[in-house]
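> This is a predicted model, with the sequence first.
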Amino acid sequence: MSVVNMLEAKSSLSRLVDDVESGRETEIIIARSGRPAARLVPLAKAPVITRRIGVAKGKFTLPESIDAHNDEILAAFSGAAQ
């Protein structure tokens, strides 16, 4: 863990981010007037999504005419009596 002052952090932010991204530093504390003010840490790696298309395949069926009940749905949303 390194502690850097605000001025150094402002002038070398790219290098500091590279340090935490690469693992050279686990965290960097940014201090203001000698007191810790913020912590710079790497983000957790996002999981790789291997399959998204077709995720709901076979979970439901579509009716023959998807528009057959449009009037009923409109009435339900608009509050109109049927």
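Looks like it arrived, so ask away.
> where exactly do the strands run in the protein?
2-5, 28-32, 35-40 (DSSP state E).
> got a list of what Arg24 touches?
By C-beta atoms under 8 Å, 6 or more residues apart in numbering, the residues touching Arg24 are Asp18. C-betas here are computed from N, CA, C, even on glycine.
> how close does it get to Gly58?
Distance, Arg24 to Gly58, using C-beta to C-beta, to the nearest Å: 48 Å.
> what's the pLDDT at the residue nearest the centre of the chain?
Centroid-nearest residue in the chain: Ala46, 9.0 Å away (criterion: C-alpha atoms, centre = their mean). We have a pLDDT of 78 for Ala46.
> got any ranges where this protein has weak pLDDT?
For the chain, the stretches flagged by pLDDT under 70 are 80-82.
> which residues in it form helices?
Along the chain, the stretches classed as helices by DSSP state H are 6-11, 13-22, 70-78.
> out of the strands of the chain, deepest packed?
Compared across those, strand 28-32 shows the largest average neighbour count, a mean of 16 (mean count of other C-beta atoms under 10 Å).
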